[in-house]
Each structure stands twice: as structure tokens, then as C-alpha cells.
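S.K.: Need coordinates for the below:
(2 chains)
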Amino acid sequence: MELDYAVDIKELSFNYGDLVILRNVNLSIKYGELVAIMGKSGSGKTTLLKIIAGLLKPSVGSVRVLGWNITSERIESIKGKIAYIPQTLGLIEGGSVLYNVLLARAPVKPIAFMAGYWGKDDIMEALDTLKLVGLENKAMSRVDKLSGGERQRVAIARALFQRAQLLLADEPVSSLDYETAESIIRLIASLKSRNLTIIAVLHDKEFAYRYFDKIYVIDNGTLKMLR
Amino acid sequence: MRIATFMLILSIILAFQLNLIDPKIIGLIAVNSAKLIPELGIRVDMLGEALKAVYETLIMSLFGVSTGTLIAYIVAPLASPLIAPPSIATTGRLLANTIRTIPAILWAILFVILVGPGPRAGALALSIYTAAYLIKFFYEALESTDREHYDALRVMGLKGLPLALAIYTHIRRQIVSSILFMLEYNVRTATILGFVGAGGVGYYILQYLNLLNYQATMTFVLVTLILVIIIDLLSYIIRTRI
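M.R.: As a prediction, the model looks like this:
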């Protein structure tokens, strides 16, 4: 059943002009699965992630995300259910850690966000989320003063606070040292218990094999399953 | 080096056009300076009046910055195709560019006609002019922001004004820097707006200059200069702390 899948991609191809980035990609990811996508730089990993996020339209093929056909339907309604962490993290540098986490509720509470006046429940929940990622003491710190690992944790906390069903993380540990990287991967893997489907682009095979359910590699535009 | 050579040649040609390379001009400067220097000095008894006029200039400048910033805050996202639909963005830019092409002094003349002479006209002229400039600065800052920020926020479900406000926070340094630049600019411009009756210290400077009262003129110029230095200094301190 298609509805069993958080992501269901059939015969997807993506071209930039004459350049073929992805060809005949088929990918089915069940709800709650932890999936790593690997491949060389420029192989199309980020493109695939952006297509799943609804940021790029495929040239050919169908893409169903959380039950919605994002190639033919208006995707506004599922956007809040997907959290996308780009390589640069997309954090608001001038804001505090708490501001960045609360921002995830801005689409559903725009007035509270614009007025900068959040309810006690939202603040308490945001603080609880920060505790979950180990940043309870950094709530009022400015994001641009944090280390790389801490910034990654803020991005994850934001995705959790958003109550996303699907987390897309593009190379979440590429710029971190080994120990910090492993702690972030362990944190991401632990989110599986919160019924979150996770797709992460990774370079490190060791982390992928140790922590992820399924591993795919993109080679020459085609997607192959490694595990 | 080519640019410098070009500018040198251009300067010489233009200097001839303006009759600046003329021994008579140097003589004229010497004669007039000899007349002016003994007249220079400040009138301590007029300091109170000068401070009042400079205060009026400051109020006009601050009003221009505060209202101009508010307008730009809302309009700039509408002029950015990353936030607004392309047709609205094009219209927003066209409007801001048109307003900007008209010098502040012409806006001041227009408002003197509309609301009568005085600081009200100057303040309104500066509001319009500041808004048009800040719209440009803000939408350029919004567009220079990494696309990945927009991607992450859009997927989250943010759009429109909330999206713009989040990006504004991200580029806070650029935003504050642009506002301070306009404050410095407005203080200087507000000084001149008085020449066309739009209030501020310029009005007094022109009147005393017409009366050939150089000491009174110098007093007003000096107090204006002190205000400009204080504003520049405050801007520098704020810029280093954001």
C-alpha cells in the first residue's frame, strides 16, 4: 500500500538542461525508517532531498511524500510536516537559540511570532525540546556564538518542535570532528523512537552502517540500495 | 591605474570647462579669504538659538528614519521576488526607484507647497526619501541571504511577512547598518532642506548668510558640525556592538 510509505518515488528523473542529474530513481521509505543516502559530491544527493522537500520539481516521475503527490498537488499543506536541514543549517544567526526553536511554530502562530509574544506553553515546550538535545543551558545564547555541534543540535531541536513527520538532513555532520559527528548521528538516530522518518545525506560509511536502517548510494545518476 | 589616468585627464578637461585654471581665480580666492578671515568667529550669545535649530534638524532626521524604516520594513519584502510574486516585486521596485530618483530637496519643495514652510515639510520629505532608500537596501540584503535559509524556512511553512521578519533577524547587522547610514545622511540633508523653507538649521544659515553675518553663520555651522560628529560617533559605537 502506497500509504504505508512516508516517501514513495517512482521512475524519477531530474535534468538541468541537457545534464542528467538523476535517472529512473525508485525509492520507497516506510514511516519511521532511518535512511542514509550516500554518493560522491555532485552526484545528486541534495537534488533528491530538495525534490522530496518540494523545493524542486522532477523532470519525470511521481513523488509521493506523506501521502501527497507533490508533483501534481498543491503542497502547502504538507510543508509544515517536513523539516529540512540544509548543509548551512538555515539557522537565524541574529536570533537566540530559543528564537530559532520557536520559529518552527511561526507558520501556525504568525501573530505570536511577529509580536514576539509567545504563550507559556510554547516556551515551556521549546525549553523541553532544547533539553532533549542537550541545550537547556543555551536557550538565550545567540546562535552565531555556538559551536558547530551545538548549531546542529539547534537545527534538530527546531525540527522536533515543528512536530515534523519527515526530517531531511543534508550532510548534518560534514564539518564536525569525529566525536561530535557521532554524537549528532546518535541524536538523529534516537529520533526514530519519536515516529520520525529520517533521510540523511552522509559521507561516512561507518556511521551509515552503524546507525541507519537502510543505505542507498547515488552513482552516475542512479540510486542503488547498499543495505 | 587606467581609471586613475582617465580621471586625471577628465579632471583637467573639466577644470578648463569651468574656468578653474585661471590665475585670476587664485587671486580672487586670496582677496576674499583676506576679507572673510577677520570676520570669522562664533557668537556665544547665539548658541541657544543655534542649539534649538539643530535640535529641530535632529527631530526631522529622526522622524525621517523612524517612519522611513517602518515603511521600508513592510514594503521591501514586497519588492523582493524571493518573498513576493514577481509581478508585485517588479512594481514595488519600480515605485521605490522612481521615488529615489527625485532628490530630497525636490521632495522638500513639494511638501512646502503641500503643508506650508517649516520642519513638517522637511520631516515628511525625509520620510519618503528614507523609505525609498531603505526599501532598496533592505531588498538587496534580503536577496543576498543564502538561498538555503529560504529553503529551510519555506519547507517549514513560512511565507510572506513572517518569512521576511525571520530573514530580517538573520541579517540584523546589515539592517541596523543601513538605518544608521540613513540617519547620518538625513542629518546632513536636513541641514540643506532649510534652504527651501523646509525647516531646520539650514533656514537660519541661509538667513544669516544673506545678511553677511558670518559670525552668526559660523555659530550655526559649528553646532551642526558637532551634531554630525556625535551622530557619526554613536553610529560607529552601535555598529561595533551589533
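S.K.: hey, C-alpha coordinates of the lowest-mean-pLDDT helix or strand in chain B in CSV?
M.R.: Scoring the helices and strands of chain B by mean pLDDT, DSSP states H and E places helix B:23-36 at the bottom, with a mean of 85. The C-alpha trace of helix B:23-36 is given here as CSV (Å, rounded to 0.1, in the frame of the first residue of the first chain):
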residue,chain,number,x,y,z
PRO,B,23,45.4,82.9,-12.3
LYS,B,24,42.5,85.4,-11.7
ILE,B,25,40.6,82.7,-9.7
ILE,B,26,43.6,82.2,-7.3
GLY,B,27,43.8,86.0,-6.8
LEU,B,28,40.0,86.1,-6.2
ILE,B,29,40.3,83.4,-3.5
ALA,B,30,43.1,85.2,-1.8
VAL,B,31,41.3,88.6,-1.8
ASN,B,32,38.0,87.1,-0.5
SER,B,33,39.8,85.0,2.2
ALA,B,34,41.5,88.1,3.4
LYS,B,35,38.1,89.7,3.8
LEU,B,36,36.5,86.7,5.4
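S.K.: contacts for it?
M.R.: Helix B:23-36 is contacted from outside by B:19, B:214, using C-beta atoms under 8 Å, 6 or more residues apart in numbering or on different chains. All C-beta spots, glycine's among them, are computed from the backbone N, C-alpha and C.
S.K.: What is the helix or strand just after it packed up against?
M.R.: Following helix B:23-36 in sequence order, the next helix or strand is helix B:47-78 (DSSP states H and E). Packing partners of helix B:47-78 (3 or more C-beta pairs under 8 Å, 6 or more residues apart in numbering or on different chains; DSSP states H and E): helix B:86-101, helix B:119-144, helix B:160-170, helix B:172-193, helix B:201-210, helix B:214-241.
S.K.: would you turn these into TSV with mean pLDDT and mean neighbour count?
M.R.: As requested, the helices and strands packed on helix B:47-78 are exported to TSV (pLDDT from 0 to 100; neighbours: other C-beta atoms under 10 Å in any protein chain shown):
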stretch	mean pLDDT	mean neighbour count
helix B:86-101	91	14
helix B:119-144	94	23
helix B:160-170	94	21
helix B:172-193	91	21
helix B:201-210	91	20
helix B:214-241	90	16
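S.K.: so which of the ones you listed gets nearest chain A?
M.R.: Of all the helices and strands packed on helix B:47-78, it is helix B:172-193 that lies closest to chain A, at 3.7 Å by C-beta to the nearest C-beta.
S.K.: For chain B, what lies in contact range of chain A?
M.R.: Contact residues (C-beta under 8 Å from any C-beta of the partner chain) of chain B with chain A: B:146, B:148-149, B:151-159, B:161-162, B:165-167, B:169-173.
S.K.: Please convert the helices and strands packed on helix B:47-78 to TSV, extending it with distance to residue B:14.
M.R.: Shown next, in TSV, are the helices and strands packed on helix B:47-78 (distance: least, C-beta to C-beta, whole Å):
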stretch	distance to residue B:14
helix B:86-101	24
helix B:119-144	28
helix B:160-170	43
helix B:172-193	24
helix B:201-210	27
helix B:214-241	28
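S.K.: To residue B:15, which of these lies closest?
M.R.: Closest of the helices and strands packed on helix B:47-78 to residue B:15 is helix B:172-193, at 25.4 Å (criterion: C-beta to C-beta).
S.K.: And the closest one, how far out from the chain middle?
M.R.: 5 Å (C-alpha atoms, centre = their mean, to the nearest Å).
S.K.: Contacts for it, please.
M.R.: A:94, B:57-58, B:60-62, B:64-65, B:68-69, B:104-105, B:108, B:121-122, B:125-126, B:129-130, B:133-134, B:137-138, B:141, B:144, B:168, B:199-202, B:205, B:224, B:227-228, B:231-232, B:235, B:238-239, B:242.
S.K.: could you redo the last one with a cut-off of 7 Å?
M.R.: A:94, B:57-58, B:60-61, B:64-65, B:68-69, B:104-105, B:108, B:122, B:125-126, B:130, B:133-134, B:137-138, B:141, B:168, B:199-202, B:224, B:227-228, B:231-232, B:235, B:238-239, B:242 (C-beta atoms under 7 Å, 6 or more residues apart in numbering or on different chains).
S.K.: Over to stretch B:55-73?
M.R.: By C-beta under 7 Å, 6+ apart, stretch B:55-73 touches B:119, B:122-123, B:126-127, B:130-131, B:134-135, B:138, B:179, B:182-183, B:186-187, B:190-191, B:199-201, B:227.
S.K.: Repeat that for stretch B:94-110.
M.R.: B:79, B:121-122, B:125-126, B:128-129, B:132-133, B:135-136, B:189, B:192-193, B:196, B:198.
S.K.: Nearest to the spatial middle of chain B, which residue is it?
M.R.: residue B:185 (2.8 Å; C-alpha atoms, centre = their mean).
S.K.: wait, I meant chain A
M.R.: Centre-most residue of chain A, counting by C-alpha atoms, centre = their mean: residue A:168, 2.0 Å.
S.K.: Identify each buried residue in the helix or strand in which that one is found, please.
M.R.: Residue A:168 belongs to strand A:166-170 when assigned by DSSP H and E. Using 16 or more other C-beta atoms under 10 Å in any protein chain shown as the test for burial, strand A:166-170 gives A:166, A:167, A:168, A:169, A:170.
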